[in-house]
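# One predicted model, sequence on top.
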Amino acid sequence: MEGRMGKQTKESLRRFFTEKRNQLDPKIVRNTSAKIVQHLLHHPIYQNSNTLMVYLSFRNEVDLTLLIENAWQQRKKVIVPKTNPTNKQMVPYFIQSWNELEEGNYGILEPLICDKNPFPIDQIELVLVPGLAFDQEGYRLGYGGGYYDRFFDRYRKLPYLIGVAYDFQLVQHLPRDDHDYSVNEICTEKGCIKL
Ligand SMILES: Nc1nc2c(c(=O)[nH]1)N(C=O)[C@@H](CNc1ccc(C(=O)N[C@@H](CCC(=O)O)C(=O)O)cc1)CN2
Ligand SMILES: Nc1ncnc2c1ncn2[C@@H]1O[C@H](COP(=O)(O)OP(=O)(O)OP(=O)(O)O)[C@@H](O)[C@H]1O
């Protein structure tokens with residue numbers, strides 16, 4: 001049911017935002033990520049969540065390293081997704097240190113799962129969602145794998161979703177498909193916007 005135009009538009013937007021993000025200086029990535037993490041650390045939803053799903057940044061995404069370390073210090077449960085490229089599913093795992101990660105699919109750090117079971121998705125209270133861009137209503141442009149949309153499909157009641165982005169990744173309106181989910185709030189270096 002995806003119109004040809006819609007698909008082309010998402011593709012060209014992906015190229016545009018990928019290009020813009022690739023051009024960020026590593027120092028800017030570091031400093032801006034630190035600001036965004038500060039906003040997240042002060043967020044009451046973060047402070048009140050005992051269990052949160054994060055992502056491990058790649059390709060100049062907003063870096064959540066400092067938040068993950070804070071979460072461990074606060075004795076929160078940190079959940080990390082492992083991708084299955086065959087069925088495009090993300091499976092969540094509980095991790096307690098950087099040692100429990102290895103380079104996985106797409107060059108993203110993923111949980112080592114040797115003796116582990118997936119974490120029950122209903123116990124996740126907050127999901128920090130990466131994206132190439134977000135719009136005013138919280139819709140998201142991802143890499144086109146549909147991983148997060150398929151993951152959210154598994155919920156009866158969604159956890160709280162916070163989109164994490166640089167300010168330049170906010171746009172007025174993105175093309176959307178029926179399967180797309182929107183986030184509840186977007187946090188950038190300028191602060192968090194509840195939708
Ligand atoms: N840090 C992080 N982790 C994440 C995501 C994310 O956006 N950020 N994901 C969010 O979904 C999932 C991974 N999704 C991905 C989907 C596609 C590609 C990718 O490289 N796609 C190719 C094009 C492939 C094709 O068109 O066949 C590319 O971009 O070159 C990478 C990750 C799970 N983990
Ligand atoms: N819930 C779903 N069930 C089945 N197919 C889906 C679902 N969500 C997305 N897809 C398919 O996956 C593909 C990518 O979807 P979309 O363009 O929304 O990805 P994205 O959200 O940008 O990617 P990602 O979540 O990996 O960052 C599309 O072909 C879409 O039809």
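Arrived safely, thanks for sending. None of the values given here were measured: they were computed from a predicted structure. Ligands and ions are numbered 1, 2, ... in the order given.
# for this structure, what's the longest helix?
helix 4-22 (DSSP state H).
# Pull the number of nearby residues for residue 78.
If you count neighbours by other C-beta atoms under 10 Å, residue 78 ends up with 21. In short, each C-beta sits where N, CA and C put it, glycine included.
# who's in contact with it?
52, 54, 68, 71-72, 94-96 (C-beta atoms under 8 Å, 6 or more residues apart in numbering).
# Then residue 144?
The contact partners of residue 144, by C-beta under 8 Å, 6+ apart, come to 10-11, 14.
# check contacts around the closest residue to ligand 2 within the chain.
Residue of the chain nearest ligand 2, by C-beta to the nearest ligand atom: residue 142 (1.9 Å). The contact partners of residue 142, by C-beta under 8 Å, 6+ apart, come to 130-132, 148.
# Out of those residues, give me the two with the largest separation.
Using C-beta to C-beta, the contacts of residue 142 reach their maximum pairwise distance at 132 and 148, which is 11.9 Å.
# hmm, back to that, where does the residue of the chain closest to ligand 2 land on pLDDT?
According to the prediction, residue 142 has pLDDT 98.
# before we move on, what about the one 3 residues further on?
Confidence at residue 145, expressed as pLDDT, is 97.
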